[in-house]
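A.B. asks: Quick check, what structure comes out for this input:
(2 chains)
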Amino acid sequence: FFFFLIFEVFFGVFSFTINSAITINAVLEVEASKVGCSVPAARKTGTTICGVVFKDGVVLGADTRATEGMIVADKNCSKIHYISPNIYCCGAGTAADTEMTTQLISSNLELHSLSTGRLPRVATANRMLKQMLFRYQGYIGAALVLGGVDCNGPHLYSIYPHGSTDKLPYVTMGSGSLAAMAVFEDRYKPDMEEDAAKQLVRDAIAAGIFNDLGSGSNIDLCVITKSKVNYIRPHDEANKKGVRTGDYKYKRGTTGVLTKAVTPIDLELLEESVQTMDTS
Amino acid sequence: MEKHCTESRVKGVSTGTTILAAVFDGGVVIGSDSRASMGEEYVSSKTINKVIQVHDRIFCCIAGSLADAQAITKAAKFHLSFHSVQMESPPRVMAAASVLKDLCYKNREELQAGFITAGWDKKNGPQVYVVALGGMLINQLVTIAGSGSTYIYGYIDAKYKPNMTKEECLQFATNALALAMGRDNVSGGVAHLVVVTEKGVEHVVVPGDKLPKFHDE
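C.D. replies: Below is the predicted model:
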């Protein structure tokens, strides 16, 4: 009997909470279109994010453009999120989803770390993120690159919105991921030095920025090693706004004056009232 | 098998796969390719291992949506280790296959993953079970699954013989995987093979350039 009890509890493990939410959203969309307006489009990060494992740790990189349809909503947003002192996470996809997901897991991981009394492991963060994303069956549009250094060394994971993960030495995500992956496939070598790794990540993000419309602006880097974390924002301002070289203001006298006529307009005072302000 | 039965889009990262398992005299050979794809055009990982160990002598190959497959196999692994502690003996291969089947069947509306479970146990020796998309469970001597399997049904039917030796069976599996990877665009990378016998488990990885070549390559 005890065995069956565990069986029942255990098989409730797949609770697809998203199904009720789907029906509500579908109804809302129909109602909105009846009235003539459309459901607001979620702000996406477009994005190129990537990470690479080097000799002493990991380097995470991201661009800084957030798009709302075809408009750039934020020219300098921060896509590398803090998870724990030794773990950081880049997020692509829907901006709200990546922000909230990483904050939730960061908070849970801190509680977990206080409970265990140890520095959190990257595999733990990975497990928490994938279990949450799987529960929502891909409706939380968060594609993440998770990297950090723990007691077992440097680790790098890529996490897809449906909840699958890959543990690899170099990963890219986002709309610019193909451009960035091309750079990685050409120049990645195992056990690189920190400067070479930073240059490689910078070049991969730059490839995404210049070849993908959804990515742009600056390049942020985060270098995580056993002893410290170096959050470099911005590492490279690849797209600096230009300075205007000319001016459209003209000096007095540029246009010659032929005649001048002055007409005073007389105004008659009709009524004057004073209203005191109550400043008590 | 999986891809042709359902709607053409598998949600998220798909394993788009070739997986197989075959019984030989004294054990089983389980094999898979190593490619994970997104939407038929992008290879999201070249080196994933689709042969997952769910217990000491029981392995499981995954096909279909990678997220679903990873979640199911993790749940199954936990359940089997709990089961083996309760029973005070290693679980039967049938038990492992049943656990996967139950998970697939109870959640068949939401999940899109299929498995081949193979291994060795004391009661029935080497066995191979296939758990298909909706939760079907069948015991066979040799079985193939995944999108690449359609290209090697003929090869399997013609070349498989019961009671082969270990070397013959390994060669058979390697050839089958090579043929499927050669024709299916969403299968590729390296060939992962695992040999399970009473004595133990042996992993063989055949890199892409060492795969057998056939007449037109």
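A.B. asks: Name the single longest strand found in chain B.
C.D. replies: As assigned by DSSP state E, the longest strand anywhere in chain B is strand B:113-121.
A.B. asks: Okay, buried residues for the very next helix or strand once past it please.
C.D. replies: Per DSSP states H and E, strand B:113-121 leads on to strand B:125-131 as the next helix or strand towards the C-terminus. By neighbour count with 16 or more other CB atoms under 10 Å in any protein chain shown, strand B:125-131 contains the buried residues B:126-131. The C-beta positions use only the backbone N, C-alpha and C, and glycine is treated the same way.
A.B. asks: Stretch B:143-155 now?
C.D. replies: Using 16+ other CB under 10 Å as the test for burial, stretch B:143-155 gives B:143-152.
A.B. asks: just the strands in chain B please.
C.D. replies: Using DSSP E, strands in chain B cover B:19-24, B:27-32, B:36-38, B:42-45, B:51-55, B:58-64, B:113-121, B:125-131, B:137-140, B:142-145, B:191-197, B:201-206.
A.B. asks: looking at the ones you listed, which is closest to chain A?
C.D. replies: strand B:42-45 (4.8 Å; CB to the nearest CB).
A.B. asks: Just the CA trace of stretch B:207-217, in CSV.
C.D. replies: Extracted in CSV, the C-alpha atoms of stretch B:207-217 (Å, rounded to 0.1, in the frame of the first residue of the first chain):
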residue,chain,number,x,y,z
PRO,B,207,33.6,9.1,-34.4
GLY,B,208,32.2,10.2,-37.7
ASP,B,209,35.3,9.6,-39.7
LYS,B,210,35.7,6.0,-38.5
LEU,B,211,32.1,5.0,-39.4
PRO,B,212,31.9,2.3,-42.1
LYS,B,213,31.7,3.7,-45.6
PHE,B,214,29.5,2.2,-48.3
HIS,B,215,29.8,2.1,-52.0
ASP,B,216,28.8,5.6,-53.0
GLU,B,217,30.7,7.6,-50.3
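A.B. asks: pLDDT of that stretch, averaged?
C.D. replies: Across stretch B:207-217, pLDDT averages out at 84.
A.B. asks: who's in contact with that stretch?
C.D. replies: Residues outside stretch B:207-217 that contact it (CB atoms under 8 Å, 6 or more residues apart in numbering or on different chains) are B:174-175, B:177-179, B:181-182, B:188-191.
A.B. asks: between those residues, which is nearest chain A?
C.D. replies: Among the contacts of stretch B:207-217, and counting by CB to the nearest CB, the member closest to chain A is B:G189, at 12.9 Å.
A.B. asks: What residue, apart from its backbone neighbours, is nearest the closest one spatially?
C.D. replies: Excluding the flanking residues, the one nearest B:G189 by CB to CB, 6 or more residues apart in numbering or on different chains is B:S34, at 3.5 Å.
A.B. asks: Alpha carbons of stretch A:215-234, in CSV - could you do that?
C.D. replies: Extracted C-alpha coordinates of stretch A:215-234, given in CSV (Å, rounded to 0.1, in the frame of the first residue of the first chain):
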residue,chain,number,x,y,z
SER,A,215,20.9,42.5,-31.8
GLY,A,216,22.8,45.7,-31.5
SER,A,217,24.4,48.4,-29.4
ASN,A,218,27.2,47.4,-27.0
ILE,A,219,28.9,44.2,-25.9
ASP,A,220,28.7,43.2,-22.2
LEU,A,221,31.1,40.6,-20.8
CYS,A,222,31.1,38.7,-17.6
VAL,A,223,34.3,36.8,-16.7
ILE,A,224,33.8,34.3,-13.8
THR,A,225,36.8,32.6,-12.2
LYS,A,226,37.3,30.7,-9.0
SER,A,227,38.4,33.8,-7.1
LYS,A,228,36.4,36.7,-8.6
VAL,A,229,33.8,37.8,-11.1
ASN,A,230,34.5,40.6,-13.5
TYR,A,231,31.3,42.2,-14.8
ILE,A,232,32.4,44.4,-17.6
ARG,A,233,29.5,46.6,-18.8
PRO,A,234,30.2,47.8,-21.5
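A.B. asks: Tell me the residue of the stretch 101-250 of chain A that sits nearest chain B?
C.D. replies: In the stretch 101-250 of chain A, the residue that lies nearest chain B is A:H162 (3.0 Å; CB to the nearest CB).
A.B. asks: Could you confirm that residue falls within a strand?
C.D. replies: No: counting by DSSP: H, G, I helix; E, B strand; the rest coil, A:H162 is not part of a strand but coil.
A.B. asks: wait, what's in contact with the residue nearest to it when sequence neighbours are not counted?
C.D. replies: Excluding its sequence neighbours, the residue lying closest to A:H162 (CB to CB, 6+ apart) is B:G12, at 3.0 Å. By CB under 8 Å, 6+ apart, the contact list for B:G12 reads A:138, A:160-164, B:38, B:65-67.
A.B. asks: Quick one: residues contacting A:N211.
C.D. replies: A:N211 touches A:176, A:179, counting by CB under 8 Å, 6+ apart.
A.B. asks: re earlier: now for the residue of the stretch 101-250 of chain A closest to chain B, how many residues are close by?
C.D. replies: By other CB atoms under 10 Å in any protein chain shown, the residues close to A:H162 number 26.
A.B. asks: Could you list which residues are in contact with it?
C.D. replies: With CB under 8 Å, 6+ apart, A:H162 has these contacts: A:133-134, A:137-138, B:11-13, B:65-68.
A.B. asks: The strands of chain B: which one's closest to B:M94?
C.D. replies: strand B:125-131 (7.0 Å; CB to CB).
A.B. asks: Pull up the pairing partners for that closest one, direction included.
C.D. replies: Using DSSP bridges, the strands paired with strand B:125-131 in its sheet are strand B:113-121 (antiparallel), strand B:137-140 (antiparallel).
A.B. asks: Name the member of the contacts of A:H162 with the most neighbours.
C.D. replies: For these, the largest neighbour count, defined by other CB under 10 Å, is 31 neighbours, found at B:L66.
A.B. asks: Can you give me the pLDDT of it?
C.D. replies: At B:L66, the pLDDT value in this model is 89.
A.B. asks: So what's the residue count around the nearest residue to B:G119 once chain neighbours are set aside?
C.D. replies: Spatially, and ignoring its direct neighbours in sequence, B:G119 is nearest to B:I58 (3.5 Å; CB to CB, 6+ apart). Residue neighbour count, defined by other CB under 10 Å, stands at 31 for B:I58.
A.B. asks: wait, B:M181 sits on B:S34?
C.D. replies: No: the pair B:M181 / B:S34 is not scored as a contact, 9.4 Å apart, by CB atoms under 8 Å.
A.B. asks: Between the two, which contacts overlap?
C.D. replies: What both B:M181 and B:S34 touch, as defined by CB under 8 Å, 6+ apart, is the set B:188-189, B:191.
A.B. asks: okay if I get the residues you listed as CSV plus pLDDT and neighbour count?
C.D. replies: Below are the shared contacts of B:M181 and B:S34 laid out as CSV (pLDDT from 0 to 100; neighbours: other CB atoms under 10 Å in any protein chain shown):
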residue, pLDDT, neighbour count
B:G188, 89, 20
B:G189, 90, 18
B:A191, 94, 26
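A.B. asks: From these, pick the one nearest A:M100.
C.D. replies: Distances from A:M100 to the shared contacts of B:M181 and B:S34, taken by CB to CB, are shortest for B:G189, at 35.1 Å.
A.B. asks: Longest helix of the chain, counting residues only.
C.D. replies: Picked chain A for this. The residue-count maximum for a helix in chain A (DSSP state H) belongs to helix A:95-116.
A.B. asks: oops, I was thinking of chain B
C.D. replies: helix B:66-87.
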